[in-house]
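**Q** predicted model and sequence below, questions to follow.
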Amino acid sequence: MVRVVLSNPMLAVTGSAKELDVTATNFRQLTLRLIDQWPALAELIDSSAVAIDGQIYQDAFAEPLQEQSEVFFMPRIEGG
Amino acid sequence: MAEAVDYKQIGTTPVRPDGFDKVTGRAQFGADVNLPNMIHGKVLRSPHAHARIKSVDVSAALAMPGVHAAISAVDFPGGRMEGESDVSVDDVAQNVMARNKVLYHGHAVAAVAASTQRLAEQALQAIKVDYEVLEPVLDLVAAMDPAATLVNENNYTALAEKPEHPSNIADVERLERGNLEEGFLAADVVIEREYKCPMAHQGYIEPHACLASIDERGRGTVWCSTQGHFQHRASTASMLGKNMADLKFVATEIGGGFGGKTVVYLEPLATLLSEKSGRPVKMAMSREEVFRATGPSSATVARVRVGLRKDGTITAAQSWIAFEAGAFAGSPHKPGAMCIYAPYDIENFLVETFDVLVNKPKVAAYRAPGAPQAMHAFECALDEAAQLLDMDPLDLRLVNAAEEGTRAPYGPKFPPIGFKACLQAAKAHPNYSKPVPDGAGRGVAVGFWFNAGMQSSAEVNINENGSVMIIEGSPDIGGSRASMCLMAAETLGVDYDDVRAQVGDTESTGFCNVTGGSRTTFATGMAVTQACEAVIADCKRRAAMTWGVDEDQVEWEDGQAVPGPGVNADVKPLTLAELARKAGRTGGPITARASLNAQGAGASFSVNFADLRVDRETGKVDVLSFTAIQDAGKAIHPAYVEGQIQGGAVQGIGWALNEEYIFDDNGVLENAGFLDYRIPVASDLPMIDTEIVEVANPSHPFGVRGVGETPIVAPLAVCSNAVSRSLNMRIAELPMSPPRLLDAIEG
């Protein structure tokens, strides 16, 4: 199971625990499962960055996930 | 900590490729481009900080001889924002040209194009604008009151459940972990204080400038000073309802940006004026316009509470930070929240940040946006704690320092990072062993920035003589052309002098995100490296064809194809020049391109310390020494890295000591020029001593981390801590200008 940590704006949508366990072998599959359960998450997922096993992705899509992967949704990082 | 890899080109410091043109005046900046029949555009700006626009009448201006076009908000069709930005097109458009209300003093309300600049200025006087003046919202904390006057009656805080009433709070962020109450109960000492940072400008040398030449079909070219010509094209096209394929954007040489040139101000106006007049239109801001109407950094109010055990361990940290957004949503409050505790392994913490509208210019990115203000507050609190605990401030930070595997406050575990290496380098630095000069104070603070990857494209063409031409889409602000040439030379195994790089326009190269986020050497460098690797693969194929062997029997060494094991010993290596000369016989020109969305940007940490002395009679602060240590991952061109560190330190020192936007009660900026907005000059400063630490980023072929933003983060707190120690009283509000320090000294 992949450990998923939602951002605070996502929590307001899901009303669930901050951390979830989701079965998925890649990021696309994981997001589709989350959106299937909470359709309003789609926009928030699209506007978030994500850290997969410590690696930050601004635009993750089909990145592979391992059985013990950690996925953190977080604000996008801007810069000057 | 030197990187063990032995590079031939990387790590050398060749003369910068753009230097000769710049010192001889040949370089073409935004305002240097001219075309036949060119006319000049000027902007009419609001005399009020907050007012309803009842009407705008440009007819009298348009009737003047020599005036070719005049526009106001009604001429903008609007449209869906395309391209890389997440910012609302409506906000960008209304910032470029006010629609129903003016939201800050200097907000654009109309523009004209005339045959001379003087005539254009006269035409502005003929434009009639009828205003209903409103109360300006100017105080950051007061603006958060639910009863405050609204900057935007349609602004509702971005919460999952829409609030019942609009307010000036556009957005909030909250990061937390552990149990605050337990953390504070475990503390032996607790520091609690409020800190303030002012609105400050990036202070780039070159004002915003552009030239637009649009034909009768609405198609044409825009030359502009920009950190991202693809983004400027997308914004302009969206705002004007155009197909972006109809606009070519050319990035001129740029005289600084630091985040302030990631957004459009003049380009849509010049494009529309050119289309309406049928003439090329040049627009250039005055310095006063730059101050009044472009995007500075956010002012902030931060309330910090931190608890520590006697051994220096942080047991709990709590922060509340309000960021001024200016007239439109979009302050860097989220990165501020993510940065504030990033250098430390803290079990119990909470940080809440707020994006607050006020009637001031819409803020823009400024080097590590959000981090300097947030980290100023926490780094000052830690310094006060170190004094209370009688600990060396570096030791206190070493006790709490994040390292590989530490969970960052924003979630993921850190990959290899160089924070502890920077702290250890600071402790070992000879400047740290020197005694603090009489009457001075030594300030210590640390900095952090995530750095970014994002999308980049590059093309590598091998000329007929084997020399190398790189075309990249990233405007060169901090020396990226030199870095690209070094990485290409290293990869290909050729001399640096045989490699050239140029920044392609939006029709000449693939998409690139803006030069920002300290991403270009990392991400565009990866694209260049990948393109060079494709060139090598192609060259090996051609050599194999020439020698009649299999491709896997060819190796690439020092810029030439060499026979591998099993190939006839008489076969002579083929240099890149030899392969290029015969390219016509082996498949045509040797060229390769790469486009990518670079992942794996490595976070960068810094440690700064400095000795400052306050003249107690005048309040003037002298910076006696300043040492900046930073992890670059790998310094591709160490002199450029050193320059980035020194430049960031100087900007941070300016922000700490003197720079601030001063508004009167009506929201009019009173110091819109460099005589009254005091940035540091060379005579104000000592040499900024630097030390580059190299803890390689494993996600980059050469170990690169970004370096451009982190250097500005620590100096604000370094200066505060040094001045506070010098005066033996805590100074928590920036800038520490002579009047403010005299007030503090005189009680």
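**A** All right, it came through fine. What you see is a predicted model; the values in this text were computed from it and never measured.
**Q** alpha carbons only for contacts and neighbour counts from here, please
**A** Fine.
**Q** thinking residue B:302 is in contact with residue B:379, fair?
**A** No: Residue B:302 lies out of contact with residue B:379 (C-alpha atoms under 8 Å); the separation is 12.0 Å.
**Q** okay, those two: which has more neighbours?
**A** residue B:379 (26 against 23; other C-alpha atoms under 10 Å in any protein chain shown).
**Q** ok, now which ones touch residue B:109?
**A** B:43, B:44, B:45, B:46, B:56, B:72, B:73, B:97, B:98, B:99, B:102 (C-alpha atoms under 8 Å, 6 or more residues apart in numbering or on different chains).
**Q** hang on, I meant residue B:481
**A** B:17, B:500, B:501, B:502.
**Q** next step: the residues you listed restricted to strands.
**A** In strands, defined here by DSSP state E, the members of the contacts of residue B:481 are B:500, B:501, B:502.
**Q** partners of the last one in the sheet?
**A** This means residue B:502. On the basis of DSSP bridges, residue B:502 is bridged to residue B:471.
**Q** repeat that for residue B:175.
**A** With DSSP bridges as the rule, residue B:175 is bridged to residue B:351.
**Q** just give the closest residue to residue 51, not the sequence neighbours.
**A** No chain was given, so I picked chain A. residue A:72 (5.0 Å; C-alpha to C-alpha, 6 or more residues apart in numbering or on different chains).
**Q** wait, chain B was what I had in mind.
**A** That would be residue B:133: by C-alpha to C-alpha, 6+ apart, it lies 4.2 Å from residue B:51.
**Q** show me the residues around the spatially most central residue of chain A that make contact.
**A** Closest to where the C-alpha atoms of chain A average out (C-alpha atoms, centre = their mean) is residue A:73, at 4.7 Å. Contact analysis of residue A:73 by C-alpha under 8 Å, 6+ apart lists A:4, A:5, A:6, A:7, A:45, A:48, A:49, A:50, A:51.
**Q** with these in mind, which one is nearest to residue A:22?
**A** Among these, residue A:4 lies closest to residue A:22 (C-alpha to C-alpha), at 7.0 Å.
**Q** any idea how far chain A is from the residue lying closest to residue B:500 once chain neighbours are set aside?
**A** Of all residues not flanking residue B:500 in the chain, residue B:469 sits nearest, at 5.0 Å (C-alpha to C-alpha, 6+ apart). Residue B:469 is 28 Å from chain A, where distance means C-alpha to the nearest C-alpha, to the nearest Å.
**Q** of the ones in strands among the contacts of residue B:481, grab the buried ones for PyMOL.
**A** Per 16 or more other C-alpha atoms under 10 Å in any protein chain shown, the buried members of the ones in strands among the contacts of residue B:481 correspond to this PyMOL selection:
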select buried, chain B and resi 500+501+502
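**Q** could I get the ones in strands among the contacts of residue B:481 as TSV with distance to residue B:664?
**A** Output for the ones in strands among the contacts of residue B:481, formatted as TSV (distance: C-alpha to C-alpha, whole Å):
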residue	distance to residue B:664
B:500	50
B:501	48
B:502	45
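**Q** from the ones in strands among the contacts of residue B:481, which is closest to residue B:527?
**A** Distances from residue B:527 to the ones in strands among the contacts of residue B:481, taken by C-alpha to C-alpha, are shortest for residue B:501, at 13.2 Å.
**Q** so what's that closest one closest to, chain neighbours aside?
**A** Excluding its sequence neighbours, the residue lying closest to residue B:501 (C-alpha to C-alpha, 6+ apart) is residue B:470, at 4.5 Å.
**Q** any idea how far the one you found lies from residue B:698?
**A** 25 Å (C-alpha to C-alpha, to the nearest Å).
**Q** so these two - more neighbours on which side?
**A** The neighbour comparison of residue B:470 against residue B:698 (other C-alpha under 10 Å) goes to residue B:470, with 25 against 16.
**Q** all strands for chain A, in order.
**A** Going by DSSP E, chain A shows strands at A:2-5, A:19-22, A:48-52, A:55-57, A:70-75.
**Q** what's the helix or strand for residue B:380?
**A** Take DSSP states H and E as the rule and residue B:380 turns out to sit in helix B:371-389.
**Q** without its sequence neighbours, what residue ends up closest to residue B:720?
**A** In space, residue B:720 is closest to residue B:731, 6.3 Å off (C-alpha to C-alpha, 6+ apart).
**Q** sorry, wrong one. I was asking about residue B:332.
**A** Going by C-alpha to C-alpha, 6+ apart, residue B:332 has residue B:370 as its nearest residue, at 4.8 Å.
**Q** and if you look at residue B:718?
**A** In space, residue B:718 is closest to residue B:443, 4.6 Å off (C-alpha to C-alpha, 6+ apart).
**Q** any idea what the one you found is bridged to?
**A** Under the criterion used (DSSP bridges), residue B:443 bridges to residue B:610.
**Q** that one against residue B:722, yeah?
**A** Yes: using C-alpha under 8 Å, residue B:443 is in contact with residue B:722, at 3.7 Å.
**Q** just give me the neighbour total for residue B:162.
**A** 10.
**Q** and the closest residue to it other than its chain neighbours, which of the three is it?
**A** Nearest residue to residue B:162 in three dimensions, chain neighbours excluded: residue B:156, at 6.9 Å (C-alpha to C-alpha, 6+ apart). The local conformation at residue B:156, judged by DSSP: H, G, I helix; E, B strand; the rest coil, is coil.
**Q** over to the one 10 residues further on?
**A** Local secondary structure at residue B:166 is given as coil here, using three-state DSSP.
**Q** now swap in residue B:302 and tell me
**A** Per three-state DSSP, residue B:302 ends up strand.
**Q** tell me the contacts of it?
**A** B:194, B:195, B:196, B:319, B:320, B:321, B:322, B:374, B:377.
**Q** residues touching residue B:300, list them.
**A** B:140, B:196, B:197, B:198, B:199, B:321, B:322, B:323, B:324, B:373.
**Q** what about the third one, distance to residue B:328?
**A** By that I understand residue B:197. 19 Å.
**Q** ditto for the first one
**A** Spatial separation of residue B:140 from residue B:328 under the definition C-alpha to C-alpha is 14 Å.
**Q** the two: which has the busier surroundings?
**A** Counted by other C-alpha under 10 Å, residue B:140 and residue B:328 do not tie: residue B:328 has more neighbours, with 27 against 22.
**Q** shouldn't the more buried one be within a strand?
**A** No: using three-state DSSP, the assignment for residue B:328 is coil, not a strand.
**Q** spatially nearest residue to it, not counting backbone neighbours?
**A** residue B:362 (5.6 Å).
**Q** so what's the one residue in the stretch 201-350 of chain B that gets nearest to chain A up against?
**A** Nearest residue of the stretch 201-350 of chain B to chain A: residue B:259, at 3.5 Å (C-alpha to the nearest C-alpha). The contact partners of residue B:259, by C-alpha under 8 Å, 6+ apart, come to A:79, A:80, B:202, B:227, B:364, B:365, B:366, B:367, B:516.
**Q** out of these, which sit inside helices?
**A** In helices, judged by DSSP state H, none of the contacts of residue B:259 are found.
**Q** dump those into JSON lines; add neighbour count, distance to residue B:702 and pLDDT as well.
**A** Converted to JSON lines, the contacts of residue B:259 look like this (neighbours: other C-alpha atoms under 10 Å in any protein chain shown; distance: C-alpha to C-alpha, whole Å; pLDDT from 0 to 100):
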{"residue": "A:79", "neighbour count": "28", "distance to residue B:702": "22", "pLDDT": "80"}
{"residue": "A:80", "neighbour count": "25", "distance to residue B:702": "23", "pLDDT": "85"}
{"residue": "B:202", "neighbour count": "24", "distance to residue B:702": "30", "pLDDT": "98"}
{"residue": "B:227", "neighbour count": "29", "distance to residue B:702": "24", "pLDDT": "97"}
{"residue": "B:364", "neighbour count": "27", "distance to residue B:702": "31", "pLDDT": "97"}
{"residue": "B:365", "neighbour count": "28", "distance to residue B:702": "28", "pLDDT": "97"}
{"residue": "B:366", "neighbour count": "30", "distance to residue B:702": "27", "pLDDT": "97"}
{"residue": "B:367", "neighbour count": "30", "distance to residue B:702": "24", "pLDDT": "97"}
{"residue": "B:516", "neighbour count": "31", "distance to residue B:702": "20", "pLDDT": "93"}
